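Trainee: next comes the sequence, and after it the predicted model I'd like to discuss.
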Amino acid sequence: MVDDTNVDRDASSSHPTKEELEAMFESFESSCCDEVMFPVSQCTLQIDELEAWIYPPQEIDKMKQTVKIIQGNLDEVETQVKCLKSSTDGFTGACAKLRNSFKHMETELDKRSEVELNRKGD
């Protein structure tokens, strides 16, 4: 079990919540084509998997892999949305915010991986 008392809680306040992410993805369901919806549905599945790995026993390597998969799907969604004939500025901004959240998450997961390795080595 990993001690999460050192996780930077203040930084997470600027990151979207799971509910905000799901709402963002669901908002496109009625207006987007299948090319956008498939990677969105994949992101949703990966977010559910990521949520499952948060609880002990935490599988940090799997969490990191899942974050990378979500980032790839997000890139695909953003590319498809940019092909639509409507304004995508808001969506592009949301994607940037989400990418920053994932970078922060990866940094925290890397820190936890190092702590776990040090504990196993002792």
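Mentor: Arrived safely, thanks for sending. Numbers count the residues shown, from 1 in each chain.
Trainee: from here on, contacts and neighbour counts on C-alpha atoms
Mentor: Noted.
Trainee: ok, Glu78 - how many residues close by?
Mentor: With neighbours defined by other Cα atoms under 10 Å, the count for Glu78 comes to 19.
Trainee: what strand or helix carries the residue lying closest to it once chain neighbours are set aside?
Mentor: With Cα to Cα, 6 or more residues apart in numbering as the criterion, Glu78 has its nearest non-adjacent residue at 7.0 Å, and that residue is Thr92. Following DSSP states H and E, the helix or strand that holds Thr92 is helix 89-121.
Trainee: which other helices and strands does that helix contact?
Mentor: helix 60-82 (3 or more Cα pairs under 8 Å, 6 or more residues apart in numbering; DSSP states H and E).
Trainee: quickly note the distance from Gln42 to Asn73.
Mentor: Taking Cα to Cα, to the nearest Å as the measure, Gln42 and Asn73 are separated by 7 Å.
Trainee: so which of the two has more stuff around it?
Mentor: Between Gln42 and Asn73, counted using other Cα under 10 Å, Asn73 has the larger neighbour count: 21 against 15.
Trainee: how much space separates the closest residue to Lys82 other than its chain neighbours from Thr79?
Mentor: Residue nearest to Lys82 in three dimensions, not counting chain neighbours: Thr88, with 6.2 Å by Cα to Cα, 6+ apart. Counting by Cα to Cα, the gap from Thr88 to Thr79 is 10 Å.
Trainee: helix, strand or coil for Pro56?
Mentor: Pro56 falls in the coil class when you classify it by DSSP: H, G, I helix; E, B strand; the rest coil.
Trainee: point out where this protein drops to low pLDDT.
Mentor: Low-confidence regions of the chain, defined by pLDDT under 70, span residues 1-13, 24-35, 85, 87, 122.
Trainee: cutoff 50 now
Mentor: Where the chain drops to pLDDT under 50, the residues are 1-12.
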